[in-house]
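*Asks:* Quick one, fold the following:
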Amino acid sequence: MRGAARHGVLRYGADWMSILWIQATLALSLLPWMRHLSPWATALLIPPIFWLRSSGAYIQHNQGHLPVFWSGSLNFLYDLELALMTGYVTPLWELQHARGHHRHYLTPERDPASIIDRNTGEPMARWKYCLVGNFTIIRDSWRIAREEAAANRADLRPRLVAHLAVACAVAGLLCYVNWFAFVAFIVVPDVIVSWFVWHIAYEHHLDVPGETHYDGSNNHFERGFNLTTFNIGHHTAHHEKPTLHWSLLPRRSAQILERLDPSTIRPRGTPPSGGALRHTT
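*Replies:* Below is the predicted model of the structure:
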C-alpha cells in the first residue's frame, strides 16, 4: 500500500477506497430523499445498504485513530457522513476506544470496552456485551474527556458536543422531511450496525492470556474478512501501533508474526506472510 501522502488532500492514498465506500453507502441511503421509490424498489435497496453499512463502523474506527484528510474541515464533513452511516460520532471512537480501550485493554478493570463482567470476573454473554457497550459509550466518553482535561491534556468535550449537535440536527432535518425513510434507512440500519460493532469486538479479546501486546488480542488473517473490515483482523498489530494506517497493518503483522502467542492466531485463512498458521498442540 502507499505511504503517507505529502501532497493532496489525503494522508494516505489507500483511503480513497474507504472514502468511495462511504460515498456509495451514503448515496444509496439517502436515495429515498431524492426520488420516490416504489415498495419493490425500497425492498431491493435495503440489502446492499445493510451490506455496505456493515463496513462503515470499521472505516469510522480507522478515522478515529488517524483522520484521513489533512484538512480539519474536510475531516469534520467526513465525520458527519460517518455519523449518519453508523449511528456514532467519531469523537466517541477517539475517547472511549482510543483513549479508553487502547490504553487499558490489558487491565480489564480499567478498560471501558472490556468483555469481563466486573461482578463475576468472567466474560459477559455476547448479547449483554453488545447491550452494555451501546448504552454506556457516551457516558464513558464524557468521563474520559473530563479526565483528559483534568490531566491538562486536550479537552475533547467541546468537540464531542459539537459533533453530537450537528449530527442530531441533520438527523432531525431528515426525519422532518421524510420520517418513514429516516426510520427505515437511517435509524434501523444504524441500530443494527452499532450492535454489530460490539458483536465483532467481543471476539477480539476473548480467551487470550492478556499479559502483553503480543498475547492480548486475537487475530484473523483471512483476506476476505480483512477486505470488508479494513484490516481489523490484524488486531495485535493495531494494538501495538494504534495510529499505524490500516493499509500497513498486514505488513506489520508479518513483521511480528513470530512474537505472537500461537493461541491468538485463529485458524481462518493464512497469515500475511503467506505461510501456514501456527497451532498449539
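
*Asks:* Can you pull out the low-pLDDT segments for the stretch 1-150 of the chain?
*Replies:* 1-7 (pLDDT under 70).

*Asks:* Now do the helices in it.
*Replies:* 15-29, 31-34, 39-65, 72-86, 90-92, 102-104, 126-150 (DSSP state H, counting those that start in this stretch).

*Asks:* helices or strands up against the fifth one?
*Replies:* Using 3 or more CB pairs under 8 Å, 6 or more residues apart in numbering; DSSP states H and E as the contact test, the elements touching helix 90-92 are helix 39-65, helix 72-86, helix 126-150, helix 157-177. Bear in mind the C-beta positions are built from the backbone N, C-alpha and C, glycine included.

*Asks:* List the buried residues in the first one.
*Replies:* It stands for helix 39-65. Neighbour-count burial for helix 39-65, counted by 16 or more other CB atoms under 10 Å, picks out 45, 49, 52-65.

*Asks:* what about the residue nearest to D190 when sequence neighbours are not counted, how many residues close to it?
*Replies:* Nearest non-adjacent residue to D190, counting by CB to CB, 6 or more residues apart in numbering: G87, 3.1 Å away. The number of residues packed around G87, counting by other CB atoms under 10 Å, is 25.

*Asks:* and if you look at R251?
*Replies:* 14.

*Asks:* Helix or strand for it, just tell me which one.
*Replies:* Taking DSSP states H and E as the definition, one finds R251 inside helix 249-256.

*Asks:* how close does L31 sit to E147?
*Replies:* Distance of L31 to E147, given as CB to CB, to the nearest Å: 42 Å.

*Asks:* higher neighbour count, these two?
*Replies:* Per other CB under 10 Å, whichever of L31 and E147 has more neighbours is L31, with 16 against 13.

*Asks:* List the residues that contact that one.
*Replies:* L37, L45 (CB atoms under 8 Å, 6 or more residues apart in numbering).

*Asks:* thinking again about what came up before, quick one: mean pLDDT for the helix holding R251?
*Replies:* If you average the pLDDT over helix 249-256, you get 97.

*Asks:* name the helices or strands packed onto that helix?
*Replies:* Helix 249-256 packs on helix 235-240, going by 3+ CB pairs under 8 Å, 6+ apart.

*Asks:* who touches the helix it packs on?
*Replies:* Residues outside helix 235-240 that contact it (CB under 8 Å, 6+ apart): 102, 105, 204, 213-214, 216-220, 231-232, 244, 249, 252-253, 256, 260, 264.

*Asks:* Sort out for me which of the residues you listed are in strands.
*Replies:* Of these, the ones assigned to strands by DSSP state E are N219, H220.
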